[in-house]
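J.: sequence isn't available, so here's the structure alone:
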């Protein structure tokens, strides 16, 4: 993983897919955007634009595990999305536990005083993607160059 510099993180959902960007050097992630999805199908051209713009070395997709750590029914859909990212863009794709990230993202939005209306109209998926990616970065810190 020493060659990884920049990563994009995804919080996969059926209506919206949150996207975040993170750097191995700083070990920090930040939210980018929410992409619309229809029944879990993204507009692949939107993802392609982000990949061309940011030129990530790898991608991270959140895995929606149950609280006891077992895979949820939705894990298969998130894994399929991860596999398609790898197949379409030929980039390494890692998965990371996303338990409670949406809950934490909603809390973060409320603390910022920025929530207006419903979460359906004002999604927090990009914040959740940032939390997923930040968790992955925390678990996989950059190694100092020798």
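T.: Okay, I see it. Remember, predicted model here, so these are calculated numbers, not experimental data.
J.: for this structure, what spans make up the strands?
T.: 6-11, 16-23, 28-38, 41-42, 58-63, 93-97 (DSSP state E).
J.: now the last one: buried residues?
T.: For strand 93-97, a neighbour-count test (16 or more other C-beta atoms under 10 Å) marks 93-96 as buried. To be clear about C-beta, it is placed using only N, CA and C from the backbone, and glycine gets the same treatment.
J.: doesn't residue 44 make contact with residue 88?
T.: Yes - because the distance of 6.5 Å satisfies C-beta atoms under 8 Å, residue 88 is recorded as touching residue 44.
J.: returning to that earlier point: which of the strands of the chain sits most buried?
T.: Comparing those by mean neighbour count (mean count of other C-beta atoms under 10 Å), strand 6-11 ranks first with a mean of 27.
J.: what pairs with that strand, parallel or antiparallel?
T.: Partners of strand 6-11 in the sheet, by DSSP bridges, are strand 16-23 (antiparallel), strand 58-63 (parallel).
J.: which of the helices and strands in this protein ranks last by mean pLDDT?
T.: helix 101-111 (a mean of 62; mean pLDDT, DSSP states H and E).
J.: from residue 9, how far off is residue 71?
T.: 19 Å (C-beta to C-beta, to the nearest Å).
J.: what of residue 76?
T.: From residue 76 to residue 9 the distance is 20 Å (C-beta to C-beta).
J.: check residue 16 too.
T.: 14 Å.
J.: for residue 69, same thing?
T.: Residue 69 is 20 Å from residue 9, by C-beta to C-beta.
J.: ok, residue 20 next?
T.: Counting by C-beta to C-beta, the gap from residue 20 to residue 9 is 4 Å.
J.: which neighbours do the two share?
T.: Taking C-beta atoms under 8 Å, 6 or more residues apart in numbering as the criterion, residue 20 and residue 9 both touch 29, 129-130, 132-133.
J.: pLDDT and distance to residue 40 for those - can I get that in TSV?
T.: Converted to TSV, the shared contacts of residue 20 and residue 9 look like this (pLDDT from 0 to 100; distance: C-beta to C-beta, whole Å):
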residue	pLDDT	distance to residue 40
29	94	23
129	92	15
130	91	21
132	92	17
133	94	20
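J.: top of the residues you listed by number of neighbours, please.
T.: residue 129 (34 neighbours; other C-beta atoms under 10 Å).
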